[in-house]
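**Student:** Requesting a structural model of the entry that follows:
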Amino acid sequence: MYSNILVATDGSRLSAKAVTHAIALAKAVGAKLIAFNAIPDNFPRPMYAEGLAYPPMSPKEYAALSKKAADGILGPVLKKAKAAGVEASAESAMAASPWKAILAAARKHKCDAIVMASHGRHGVAALFLGSETQKVLGHSTLPVIVVR
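**Tutor:** From the prediction side, this is the model:
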């Protein structure tokens, strides 16, 4: 059925449910799992408060800290997959549009399916911007399994 499954995770509790589902699915069908984390590319800008300027983080510093955070999210996924006997790898990418990065990673790894959580932006932001999950659903040619 599937040979390569991409699971998109942001480390949230709901994403953890998607990871658990993806690992169980990969185990059941003998597929390889690719754990993916999209890092927002909006590094901090200078802040000014009470006449003091707080220097911005450089893009290089932001990338290093973000990569460390992504590794902290993806490491437990790899550990859980290994414990379940599922072959897995992990990747992160900095992206202005996480949904585009998810689809690009799925193409790169020749995935047959994408598993992700149903959450994203809420309220007015969701009305105007839509959730990343909705965007993946709308643009993917692969099956997308949405975990609630």
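**Student:** In this protein, where's the longest helix?
**Tutor:** Identified as the longest helix of the chain according to DSSP state H is helix 59-83.
**Student:** what's around residue 115, how many residues?
**Tutor:** Residues near residue 115, counting by other CB atoms under 10 Å, number 27. In this view, the C-beta of every residue, glycine as well, is placed from N, C-alpha and C.
**Student:** Contacts only, for it.
**Tutor:** Residues in contact with residue 115 (CB atoms under 8 Å, 6 or more residues apart in numbering) are 5-8, 18, 21-22, 25, 144-145, 147.
**Student:** Which strand residues bridge it?
**Tutor:** With DSSP bridges applied, residue 115 shows beta-bridge pairing to residue 7, residue 145.
**Student:** do you know how far it is from residue 4?
**Tutor:** Counting by CB to CB, to the nearest Å, the gap from residue 115 to residue 4 is 12 Å.
**Student:** do residue 73 as well
**Tutor:** Between residue 73 and residue 4 the distance is 20 Å, computed by CB to CB.
**Student:** And residue 76, by the same measure?
**Tutor:** Residue 76 is 21 Å from residue 4, by CB to CB.
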